[in-house]
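**Student:** Provided below for reference: sequence and predicted model.
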Amino acid sequence: MNIKLLLIGFLLLAPFTKASISQKLLLSSEPVGGSPTLSYLFWDVYKATLYAPNGEFDISQPFVLKLHYLRDLKGEDIAARSIEEIKKQGFKDKQRLSMWLDKMQAIFPDVTDGTELYGERTQQGTSRFYLRDSFIGEVEDTLFTEKFFAIWLAKSTSEPNMRKALLNLK
């Protein structure tokens, strides 16, 4: 086979192999709204983007939340902060919170500026997590999925402007 034809074929197909993890997980995945930045005091922490099929969000259907980190953080600190945010929304089951903390600490890696973590709400209502495009863990508790993604998407979130931007609400 002609090497030039092989090279041309590879170059033509290359753009299609670079699909984002959100596009691989959800057919016709598009952002629902904008990509707001979470800031704490003087520091930008991450940019968030919510993806859903055709950009149409339904909390009971699969979606992907991408967090593009803008600073270095320990995975155990991300997990602990997630638990604090779940508590702020009124969830008080200490045994479950402890179990969820352990699972997140086992899954969430340390991040640096530029790290991208993805959380997927599956069709079954479980949570799957990815570092860039590599699967890093799953929590098979549908209540966890509800409470975890509520950190960003519930009306009771501690960051209502972020929620509005993610969901493209006026």
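**Tutor:** Great, that's in hand. Numbering: from 1, shown residues only.

**Student:** looking at the protein, which strand is longest?
**Tutor:** Longest strand in the chain by number of residues (criterion: DSSP state E): strand 43-53.

**Student:** low-confidence stretches in the protein?
**Tutor:** By pLDDT under 70, the low-scoring segments of the chain are 1-19.

**Student:** rewinding a little: now the longest strand of the chain: buried residues?
**Tutor:** Under the neighbour-count criterion of 16 or more other CB atoms under 10 Å, strand 43-53 has 45-52 buried. In short, each C-beta sits where N, CA and C put it, glycine included.

**Student:** what about residue 87, which SS state?
**Tutor:** Three-state call for residue 87 (DSSP: H, G, I helix; E, B strand; the rest coil): helix.

**Student:** list the contacts of it.
**Tutor:** Neighbouring residues of residue 87 by CB atoms under 8 Å, 6 or more residues apart in numbering: residue 97.

**Student:** report the separation between it and residue 81.
**Tutor:** Using CB to CB, to the nearest Å, one obtains 11 Å as the distance from residue 87 to residue 81.

**Student:** and the strands in this structure?
**Tutor:** Under DSSP E, the chain gives strands at 29-31, 37-40, 43-53, 63-69, 116-121, 127-131, 134-139.

**Student:** pull the distance from the longest one to the chain's centre.
**Tutor:** Mean-position distance between strand 43-53 and its chain equals 7 Å (CA atoms, centre = their mean, to the nearest Å).

**Student:** quick one: closest of the strands of the chain to residue 161.
**Tutor:** Closest approach to residue 161 among the strands of the chain is made by strand 37-40 (9.9 Å; CB to CB).
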